[in-house]
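Visitor: I'll drop the sequence and a predicted model, then ask my questions.
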Amino acid sequence: MSVAPADRVALVVGASGIAGSALVDQLAGEGWQVLGLARRPGRAIDGVTWISADLRSPVELRAALEGRGVSHVYFTAWSRQETEEQNIEVNGGMVRDLLAALDTSPVVHASLVTGLKHYLGPFEAYGQGTMPDTPFHEEEPRLEVRNFYYAQEDELFSAAARQGFTWSVHRSHTVIGHAVGNLMNMGLTLAAYASICRHLDLPFVFPGSETQWNGVTDMTDSTVLAEQMIWASTAAAGANEAFNVVNGDIFRWRWMWPRLAGYFGVRPVGFETAPRPLEQQMAGMEGTWAEIAARHDLVEADLSRIASWWHTDADLGRDIEVVTDISKSRLAGFTTHHRTVDSFVGLFDRYRAERLIPAE
């Protein structure tokens with residue numbers, strides 16, 4: 001029997017992050033009861049209850065979730081560690097302990113966000129060894145290397161078999177969406193970079209590799225990811241499946257970069273002879289950002305909470321082609337499509353409206 005949204009209780013883990021924020025908005029908009037698990041409470045939204053618990057504490061998790069009646073779980077959180085073995089221990093453990101704390105809850109489905117490191121390998125062995133050909137397909141076998149995504153999946157599979165719910169895994173490419181203080185946020189990072197370039201009358205220099213500048217790629221709008229997760233958790237075709245999730249278009253950065261520059265009114269400069277990482281270009285810009293924030297009455301003057309230079313450098317600096325196949329979800333019935341340039345523009349408009357970046 002189908003359950004009406006108002007009778008569903010969704011637990012969004014990592015609810016203040018890029019994917020989690022989009023899920024909270026989408027679920028609440030559809031009339032679900034939403035529990036947002038995050039380090040700090042988010043903004044007030046009808047139908048959303050904010051809760052806090054240490055994801056590394058089984059005791060705190062059980063106390064926070066006992067009697068909540070959770071029917072659907074959306075796990076979007078992760079904690080970056082120094083080594084992959086530590087990533088496995090911590091991030092696999094968080095999935096295990098979260099689901100164990102729900103062993104008396106009426107869970108119907110649990111969704112897990114991972115990413116394309118499933119195909120590319122973990123940070124320590126990124127892009128090394130034998131990888132599947134692009135575009136990546138969900139049926140590719142796992143790489144013969146330890147990977148915290150695999151550990152998270154295994155904990156999900158074990159809990160589903162033990163507790164009797166269905167599952168889905170969602171392998172996103174670079175996710176752009178609305179969040180502040182996130183470890184991996186290319187959208188806000190590029191917006192901050194362009195704003196600094198405009199303020200200092202600097203060129204908007206592409207920081208990445210020749211391969212990324214000239215090759216085809218794709219990205220994931222957080223709203224597309226949220227829609228796919230909700231679809232998979234409520235449609236029979238989504239049960240017990242892994243899906244790639246991207247916007248549906250492909251592009252080259254040599255096409256995209258001038259369009260982003262045009263939005264901010266800065267001069268685009270493409271790849272020339274070598275990557276020019278943002279961590280180097282933007283070194284020491286904390287005071288400049290504080291000056292910009294004061295001049296434009298921005299809500300966040302701490303550049304470290306706005307820009308994640310390292311992550312954007314890692315994505316744009318790759319010397320390999322990264323593009324995915326999304327036929328599996330399309331054939332299963334998920335047909336949402338976004339044009340990535342529109343995702344960027346919509347995101348930048350929202351950042352301006354919320355005074356996270358200057359309006360001019």
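Guide: Received, thanks.
Visitor: residue ranges of the strands in this structure, please?
Guide: Assigned by DSSP state E, the strands in the chain fall at 9-13, 33-37, 48-51, 72-75, 109-115, 166-172, 175-176, 204-205, 216-217, 220-221, 241-245, 251-252, 268-269.
Visitor: Looking at the ones you listed, which is nearest to A294?
Guide: strand 204-205 (22.8 Å; Cβ to Cβ). Where C-beta positions appear, they are placed from N, C-alpha and C, glycine not excepted.
Visitor: Can you list the low-confidence ranges for this protein?
Guide: The model of the chain has pLDDT under 70 over residues 1-4, 127, 181-183.
Visitor: any idea which residue sits dead centre in it?
Guide: The centroid of the chain falls nearest to V175 when counting by Cα atoms, centre = their mean (4.2 Å).
Visitor: Spit out the contact partners of that one.
Guide: 18-19, 184, 219-222, 225 (Cβ atoms under 8 Å, 6 or more residues apart in numbering).
Visitor: Over to F165?
Guide: By Cβ under 8 Å, 6+ apart, the neighbours of F165 are 107-110, 159.
Visitor: As CSV, the residues you listed with neighbour count and distance to Q280 would be great.
Guide: Formatted as CSV, the contacts of F165 follow (neighbours: other Cβ atoms under 10 Å; distance: Cβ to Cβ, whole Å):
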residue, neighbour count, distance to Q280
V107, 22, 47
V108, 18, 48
H109, 23, 44
A110, 26, 41
A159, 22, 43
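Visitor: ok, which pair from the residues you listed is furthest apart?
Guide: It's V108 and A159 that sit farthest apart of those, by Cβ to Cβ, at 13.1 Å.
Visitor: related to what we said a few turns ago, from R352, how far out is the residue nearest to the centre of the chain?
Guide: For V175, the distance to R352 equals 20 Å [Cβ to Cβ, to the nearest Å].
Visitor: M285 too?
Guide: 20 Å.
Visitor: Same question for L112.
Guide: Relative to R352, and taking Cβ to Cβ, L112 is found at 33 Å.
Visitor: These two - which one has more neighbours?
Guide: L112 (24 against 17; other Cβ atoms under 10 Å).
Visitor: quick one: contacts for that one?
Guide: Applying Cβ under 8 Å, 6+ apart, the residues contacting L112 are 75, 95, 152-153, 156, 167-170.
Visitor: Those residues into a markdown table, with extra columns for distance to I357 and neighbour count?
Guide: Output for the contacts of L112, formatted as a markdown table (distance: Cβ to Cβ, whole Å; neighbours: other Cβ atoms under 10 Å):
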| residue | distance to I357 | neighbour count |
| --- | --- | --- |
| F75 | 30 | 28 |
| V95 | 34 | 26 |
| Q152 | 33 | 24 |
| E153 | 36 | 20 |
| L156 | 37 | 24 |
| W167 | 38 | 23 |
| S168 | 34 | 23 |
| V169 | 33 | 25 |
| H170 | 28 | 26 |
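Visitor: returning to that earlier point: tell me the one of the contacts of F165 nearest L278?
Guide: So of the contacts of F165, ranked by how close each gets to L278 (Cβ to Cβ), first place is A110, at 35.7 Å.
Visitor: who's in contact with the closest one?
Guide: A110 neighbours (Cβ under 8 Å, 6+ apart): 72-75, 99, 156, 159-160, 165-168.
Visitor: Recalculate using a threshold of 10 Å.
Guide: With contact taken as Cβ atoms under 10 Å, 6 or more residues apart in numbering, A110 is in contact with 11, 13, 70, 72-75, 95, 98-99, 102, 156, 159-160, 163, 165-169, 233.
Visitor: beta partners of it?
Guide: V73, W167 (DSSP bridges).
Visitor: Could you measure from it over to E272?
Guide: 47 Å.
Visitor: cool, and H118?
Guide: With Cβ to Cβ as the criterion, H118 and E272 are 33 Å apart.
Visitor: So for those two, which sits in the more crowded spot?
Guide: H118 (22 against 11).
Visitor: if we can go back for a sec, dump the contacts of F165 to JSON lines, plus distance to R254.
Guide: Conversion of those to JSON lines gives the following (distance: Cβ to Cβ, whole Å):
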{"residue": "V107", "distance to R254": "46"}
{"residue": "V108", "distance to R254": "45"}
{"residue": "H109", "distance to R254": "41"}
{"residue": "A110", "distance to R254": "40"}
{"residue": "A159", "distance to R254": "45"}
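Visitor: which of these lies closest to L298?
Guide: A110 (37.8 Å).
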